[in-house]
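>>> have a look at this prediction, sequence included:
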Amino acid sequence: MSLPGRRDDRLSRRLKALPRLKAPAGLLPRVMASAASLPWWKRAWWTWPVVLRFAYAGLLALPAALILGWLMPSMQAAVDLSFHSVEAALSGWWKPLATVGRGLGLALAKAKTPLLAAAFLSYLSSVAAASAINRLWSAAIPRRMS
C-alpha cells in the first residue's frame, strides 16, 4: 500500500478510537428557545408570516417591473426589428429546411428504440471511462496532509 493510503488508514483508526462526544443536556432547549425568541424579521424567510412573504417578494419584484415597463417599448421595437431581419434572411430557406426537418423527424420516429439504446450504452461507456481516468489520475498524484 502506498504511503498516503497507510497514512489514511492510520488516521481513520485513530479517529474511530476517539470517544464519542455528547452534547450537554440543556443545549438543545437553550438553542431552540433562543431561536424562538428572535423577532420574525431575523428568522428564516420561510417562517415569516405568509402575507409578509408575499409583500417582500412583491417589493423585490417592483424595481424589475418598473425598469422593464420603462424599457419595454424600445426593447419591443429592437426585438421586432431583429426578428424581421432574421425572418427575411431565412425566408428562402424555410421550405427546404421544413422538409428536411420533417424527414429527420420521421427517421427518428422509426429509429427511436435503437438510437436510445445506443445513446444509453454510449453514456455508460463515458461514465466508465471517466471513472477509470479519475482512478488513474488520483493514484498518480500524491496526497498531502495539511
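That came through fine. Numbering: from 1, shown residues only.

>>> kindly list the longest helix within the protein.
helix 50-90 (DSSP state H).

>>> can you map out the helices along the chain?
For the chain, the helices defined by DSSP H occupy 3-17, 27-36, 50-90, 94-110, 112-140.

>>> now the longest one: how far from the chain's centre is it?
Right, the one you point to is helix 50-90. Computed by Cα atoms, centre = their mean, to the nearest Å, the separation of helix 50-90 from the middle of its chain amounts to 25 Å.

>>> by contact count, what packs against it?
Judged by 3 or more Cβ pairs under 8 Å, 6 or more residues apart in numbering; DSSP states H and E, helix 50-90 is in contact with no other helix or strand. Backbone N, C-alpha and C define where each C-beta goes, glycine included.

>>> mind putting the helices of the chain into a markdown table with mean pLDDT and distance to Arg43?
Listed next are these as a markdown table, based on pLDDT from 0 to 100; distance: least, Cβ to Cβ, whole Å:
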| stretch | mean pLDDT | distance to Arg43 |
| --- | --- | --- |
| helix 3-17 | 84 | 36 |
| helix 27-36 | 91 | 7 |
| helix 50-90 | 80 | 11 |
| helix 94-110 | 84 | 52 |
| helix 112-140 | 87 | 42 |
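
>>> so what are the domain limits for the chain?
Annotated domains of the chain cover 31-91, 95-135 [automatic domain parsing].

>>> now do the first one: distance to the chain's middle.
Taking Cα atoms, centre = their mean, one finds the center of domain 31-91 at 20 Å from the center of the full chain.

>>> okay if I get the helices of the chain as CSV plus mean neighbour count and distance to Lys42?
Shown next, in CSV, are the helices of the chain (neighbours: other Cβ atoms under 10 Å; distance: least, Cβ to Cβ, whole Å):
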stretch, mean neighbour count, distance to Lys42
helix 3-17, 10, 37
helix 27-36, 10, 10
helix 50-90, 10, 13
helix 94-110, 10, 56
helix 112-140, 10, 44
